[in-house]
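J.: Sequence and predicted structure below; questions after.
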Amino acid sequence: MGRKLFCDISPTTYKISLRKEIMLRKLKDVCSQEKLATTHDADPYPIIVKSHSSILIRKLHGVDLRLQENKVTNIKLACNKINGIVIHPGEVFSFWHTLGEATEKKGYKEGLVISSGKMISGIGGGLCQMANMIHWLVLNSPLTVTELHHHSDALFPDERRRVPFGTGTSVCYNNIDYRFRNTTDQNVQILVWVEDGELCGELRSEKPFPNRYKLVEENNHFRKEGDTFYRISQVYRLVIDRETNQEIDKELILDNHSKVMYDYSLIPAEQIRDD
């Protein structure tokens, strides 16, 4: 058996390794040529590029409801930091640079955290839903994602899913970040807020972009490989000319082959294929 990594020796060494990665990221940002977005504007920009909402509390099999309720608190605190942020042309939005570290001292509570494919509780848990929201808005725009960490496993059933599977992102302060660059010629703005039990978000701009975007999931099914089920699908991004309404591009952005981590009895029988 090989030697353990330093971070795997004990919980203490893991914390030391994590703090090292956090400091390295901060040092990298200081030395980088990238300009991170920091400006906020309380007045909404006139053009809605994309809007979306997601349910905050879902009845997830085997998940303590308290963790979901705490997530709502965490999301509201995150909204206070992110709402109204403006990304100027050439600037980069960083999830953690904007939000800061989620600590108990700041009011964050224990929520659901995914670590090494397992569901555990942790301070600030549930903030990935905010990152998912922002990523979905960005996918429906000409902005360019520069850092993304996909969830590799199918952790929950698809009940009440509103977006194609796999279009979320993992975040962990601050070495696992979510970032995008404004590669357009105008300012863009992100608005996020909580209303009627949902996280709501809008990406806004100063003037309309020439194209609109649509994400579609194809070949969606489950397949058993050995004793393990996998969720299979492909996600494409369609680029549509706003003036002619014609599709001008179709790009494969995700080829899902994700291990199912929940009870196999919850997989719809009609979605299982042998091929």
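T.: Yes, it's here.
J.: For residue 97, list the residues it contacts.
T.: The contact partners of residue 97, by CB atoms under 8 Å, 6 or more residues apart in numbering, come to 29, 36, 38, 174, 177. For the C-beta atoms, the positions are set from N, CA and C on the backbone; glycine is no exception.
J.: Surely the second one and residue 95 touch.
T.: If I follow you right, that is residue 36. No: in this structure, residue 36 is not within contact of residue 95 by CB atoms under 8 Å, at 10.8 Å.
J.: Looking at those two, which one has more neighbours?
T.: Counting neighbours by other CB atoms under 10 Å for residue 36 and for residue 95 shows that residue 95 has the greater number, 25 against 14.
J.: circling back to that earlier point, give me the subset of the contacts of residue 97 that lies in strands.
T.: The strands in this structure, assigned by DSSP state E, contain none of these.
J.: Next up, the contacts around residue 148.
T.: Applying CB under 8 Å, 6+ apart, we find residue 148 in contact with 135, 169, 178.
J.: and it, what are its phi and psi?
T.: In terms of degrees, to the nearest 10, the main-chain angles of residue 148 are phi -150, psi 140.
J.: Show me the longest helix that occurs in the protein.
T.: What stands out as the longest helix in the chain, according to DSSP state H, is helix 11-31.
J.: about what we covered before: tell me which of the contacts of residue 148 is nearest to residue 49?
T.: When the contacts of residue 148 are compared for distance to residue 49 (CB to CB), residue 135 wins out at 14.0 Å.
J.: If I follow the layout properly, the closest one ends up in contact with residue 169?
T.: Yes: taking CB under 8 Å as the contact criterion, residue 135 and residue 169 are neighbours in contact, 4.9 Å apart.
J.: Find residues that contact each of those two.
T.: Contact with both residue 135 and residue 169 is made by residues 148, 178, according to CB under 8 Å, 6+ apart.
J.: Tell me how many other residues crowd residue 76.
T.: Using other CB under 10 Å, residue 76 is surrounded by 15 other residues.
J.: Mind telling me what element it is part of?
T.: Using DSSP states H and E, residue 76 sits within helix 65-82.
J.: Give me the buried positions along that helix.
T.: Neighbour-count burial for helix 65-82, with 16 or more other CB atoms under 10 Å as criterion, is recorded at 67-68, 70-72, 74-75, 77-79, 81-82.
J.: picking that back up, quick one: which of the contacts of residue 148 is nearest residue 214?
T.: Residue 214 has its nearest neighbour among those in residue 135, at 15.6 Å by CB to CB.
J.: got the contact list for the helix holding residue 76?
T.: Looking at helix 65-82 with CB under 8 Å, 6+ apart, the contacting residues turn out to be 56-60, 98-100, 102, 106-112, 121, 124-127, 129-130, 134, 190, 192-194, 199.
J.: Which residue is the nearest non-sequential neighbour of the residue most central in space within the chain?
T.: In the chain, the residue lying closest to the centroid (CA atoms, centre = their mean) is residue 132, at 2.5 Å. Closest residue to residue 132 apart from its sequence neighbours, by CB to CB, 6 or more residues apart in numbering: residue 168 at 4.1 Å.
J.: Wasn't the one you found part of a strand?
T.: No: counting by DSSP: H, G, I helix; E, B strand; the rest coil, residue 168 is not found in a strand; it is coil.
J.: That one contacts residue 153, correct?
T.: No: with contact defined as CB under 8 Å, residue 168 does not reach residue 153; the gap is 11.5 Å.
J.: Show the pLDDT at residue 126.
T.: We have a pLDDT of 92 for residue 126.
J.: Check which helices and strands the helix or strand where residue 134 lies sits against.
T.: Residue 134 is located in helix 128-139, with elements delineated by DSSP H and E. Packing partners of helix 128-139 (3 or more CB pairs under 8 Å, 6 or more residues apart in numbering; DSSP states H and E): strand 47-55, helix 65-82, helix 95-99, strand 144-147, strand 188-195, strand 198-205.
J.: Quick check: what element follows the third one along the chain?
T.: When you say that, I think you mean helix 95-99. Along the chain past helix 95-99, the next helix or strand (assigned with DSSP H and E) turns out to be strand 110-115.
J.: cool, the shortest one as well?
T.: For strand 144-147, the succeeding helix or strand toward the C-terminus, using DSSP H and E, is strand 153-154.
J.: Which residues does that next one contact?
T.: Contacts of strand 153-154 (CB under 8 Å, 6+ apart): 117, 165, 230-231, 258-262.
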